[in-house]
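Engineer: how would this look folded up:
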Amino acid sequence: MTRNQPKLPRRTFLKGVGATLGLPVLNAMLPSNGWAAGATGAPNRMAFVFVPNGVIVPDWTPKGEGADWQLSPTLEPLASVKDHLCVMTGLAQDNAEAKGDGPGDHARSAAAFLTGAHPVKTDGVDIKAGISVDQVAAEKIGSLTRLPSLEIGTEGGRNAGQCDSGYSCAYSNNISWKTPSTPMSKEINPKLVFERLFGSSGDQESAKARARRDFFRTSILDSVSDDASKLSKTLGITDRRKLDEYFSSVREIEQRIARSQADKTSQKVPQIEMPQRIPRELDDHIRLMFDLLAIAFETDTTRVATFMLANEGSNRSYPMVGVNDGHHHLSHHQNKEDFIAPLKKIDKYLITHFANFLERLKGTKEGDGNLLDHSMIVYGSAISDGNHHNHNDLPILLAGGGSGTITTNRHVVYPKNTPLNNLFLSMLDRMDVRIDQLGDSTGRLDRVSV
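Structural biologist: Below you'll find the predicted structure:
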């Protein structure tokens, strides 16, 4: 940025008819001396990516400790971002245990994952868990962004009736809880996520009006083109190039959503209730949702998000990696190799998508670093081994530098049954959200930074 270049506010939007588009961080938004890692100018982001049914622990757990560690077979796809990772072994969610309530470990796993609370066993309206870490952050800092938080997934599901041994479906299908009795339902339709991120916040139009608008407005970029053109003339060469790359990314997502809609209309619709306009291929669905999450962080539309790769207890198959049996069915493997082998494929498939997401964050420049430097992304589950339904020694991976406050490229082994919520308290501190207790936390997690 040259000395005489106009200074842009961090919260700059391009506006058009029925649309508002956030911008990535440009040099013109930075302080004159740039942003150092951990400086207050670069906002921290936090996201939680949930995987169901546990993992094959021997293939998940890295060899070695501290900085002297090696990626395990399951984590091999993360090689290009290894220096941005901290694998944590020994953490637990004790309140996902039965505690006299009998079966229902899957429901308790999802409900306790981000709350550290023991859910009330009910399939009625009297559901009760706890407030989740993401919603604690959203309550405190949500006013700083257009959306306080974002909740997404790839599997739908109702919040009524029972899904697991007398537990309400609300427990299995949600990890984000605004209050102990109010889950934050996730959005699984990429088009609706896109509209939530970039559509007019006051747009309450009918479906008919929205269809008419979509007919005449083929792209959000077309809607804001005049504003974008005016802004571009005020920017330096580097910022103009970054803006062009960002617009190309938005256009690509729009085109992929459009293709998914076309696929939907061309296929035979089964005679069951189906979500609308969702990619037919799981590969496309997961990739698109991760891209939307990345762009939500890049534009600072939100700094808090959750992503359920599948509902807890999901029995989805993964034919793209040669697994045609259901995930939940296989997770009760009884140490049989013909069950364990396909589970390893599922574990690696899901972590590969996560690796691609992290690579995108790493490749998105921001200030003197990149978007991954200024993020904290937890990947994991509140079930370790799906065969035993144990809730200790959880598979937990923390990615990102937390704006210079997290020491990465390590495998940290904690004492057995260290509360997972201690990690969440430490993450909240880095979001400038100070609370004394969350669920069963016993204090801040040590060795997050050294």
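Engineer: okay, CA-based contacts and neighbour counts for the rest of this
Structural biologist: Will do.
Engineer: Identify the residues contacting stretch 402-409?
Structural biologist: 37-39, 42-45, 67, 82-86, 373-376, 399-401, 430, 448-450 (CA atoms under 8 Å, 6 or more residues apart in numbering).
Engineer: Just the ones of these in strands?
Structural biologist: Taking DSSP state E, the ones among the contacts of stretch 402-409 that sit in strands are Arg45, Leu85, Cys86, Ser375, Met376, Ala399.
Engineer: Same list, those residues, but as JSON lines with neighbour count please.
Structural biologist: Output for the ones in strands among the contacts of stretch 402-409, formatted as JSON lines (neighbours: other CA atoms under 10 Å):
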{"residue": "Arg45", "neighbour count": "25"}
{"residue": "Leu85", "neighbour count": "24"}
{"residue": "Cys86", "neighbour count": "24"}
{"residue": "Ser375", "neighbour count": "29"}
{"residue": "Met376", "neighbour count": "27"}
{"residue": "Ala399", "neighbour count": "27"}
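Engineer: Would you mind finding the longest strand in this protein?
Structural biologist: The chain, longest strand under DSSP E: strand 410-419.
Engineer: ends of stretch 59-79, how far apart?
Structural biologist: End-to-end span of stretch 59-79 (CA to CA, to the nearest Å): 15 Å.
Engineer: So for it, what gets flagged as buried?
Structural biologist: Asp59, Trp60, Thr61, Pro62, Gln70, Leu71, Ser72, Thr74, Leu75, Glu76, Pro77, Leu78 (16 or more other CA atoms under 10 Å).
Engineer: pLDDT at the first one, what is it?
Structural biologist: Looking back up the chat, that one is Asp59. Note for Asp59: predicted pLDDT of 98.
Engineer: That one belongs to a helix?
Structural biologist: Yes: according to DSSP: H, G, I helix; E, B strand; the rest coil, Asp59 belongs to a helix.
Engineer: returning to what we had before: any of the contacts of stretch 402-409 buried? List them.
Structural biologist: Buried by 16+ other CA under 10 Å: 37-38, 42-45, 82-86, 373-376, 399-401, 430, 448, out of these.
Engineer: Work out the gap between the longest strand of the chain and the centre of the chain.
Structural biologist: 23 Å (CA atoms, centre = their mean, to the nearest Å).
Engineer: Also stretch 191-201?
Structural biologist: 17 Å.
Engineer: got it, and stretch 342-355?
Structural biologist: For stretch 342-355 - counting by CA atoms, centre = their mean - the centre lies 16 Å from the chain centre.
Engineer: Okay, now stretch 393-403: how far is its last residue from its first?
Structural biologist: Using CA to CA, one end of stretch 393-403 lies 27 Å from the other.
Engineer: my bad, should have said stretch 89-99
Structural biologist: 23 Å.
Engineer: Ile346 belongs to a helix?
Structural biologist: Yes: assessed by three-state DSSP, Ile346 belongs to a helix.
Engineer: tell me the contacts of it?
Structural biologist: Ile346 touches Tyr318, Val321, Val323, His327, counting by CA under 8 Å, 6+ apart.
Engineer: among these, which ones are buried?
Structural biologist: Tyr318, Val323, His327.
Engineer: Same list, these, but as JSON lines with pLDDT, distance to Glu298 and secondary structure please.
Structural biologist: Formatted as JSON lines, these follow (pLDDT from 0 to 100; distance: CA to CA, whole Å; DSSP: H, G, I helix; E, B strand; the rest coil):
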{"residue": "Tyr318", "pLDDT": "98", "distance to Glu298": "30", "secondary structure": "strand"}
{"residue": "Val323", "pLDDT": "98", "distance to Glu298": "34", "secondary structure": "strand"}
{"residue": "His327", "pLDDT": "98", "distance to Glu298": "33", "secondary structure": "helix"}
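Engineer: export these to a markdown table and tack on distance to Thr301?
Structural biologist: Output for the buried ones among the contacts of Ile346, formatted as a markdown table (distance: CA to CA, whole Å):
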| residue | distance to Thr301 |
| --- | --- |
| Tyr318 | 32 |
| Val323 | 37 |
| His327 | 34 |
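Engineer: Out of the buried residues of stretch 59-79, which is nearest to Leu361?
Structural biologist: Within the set of the buried residues of stretch 59-79, Leu78 lies nearest Leu361; the separation is 13.1 Å, counting by CA to CA.
Engineer: distance of the closest one from Ser381?
Structural biologist: Going from Leu78 to Ser381 by CA to CA gives 18 Å.
Engineer: in the stretch 351-450 of the chain, which spans are helices?
Structural biologist: In the stretch 351-450 of the chain, the helices defined using DSSP state H, counting those that start in this stretch lie at 420-430.
Engineer: quick revisit: just checking, which of the buried residues of stretch 59-79 belong to helices?
Structural biologist: Counting by DSSP state H, the buried residues of stretch 59-79 place Asp59, Trp60 in helices.
Engineer: what's the closest of the buried residues of stretch 59-79 to His285?
Structural biologist: Pro77 (19.3 Å).
Engineer: looking at this protein, which helix or strand does the model trust least?
Structural biologist: helix 207-216 (a mean of 53; mean pLDDT, DSSP states H and E).
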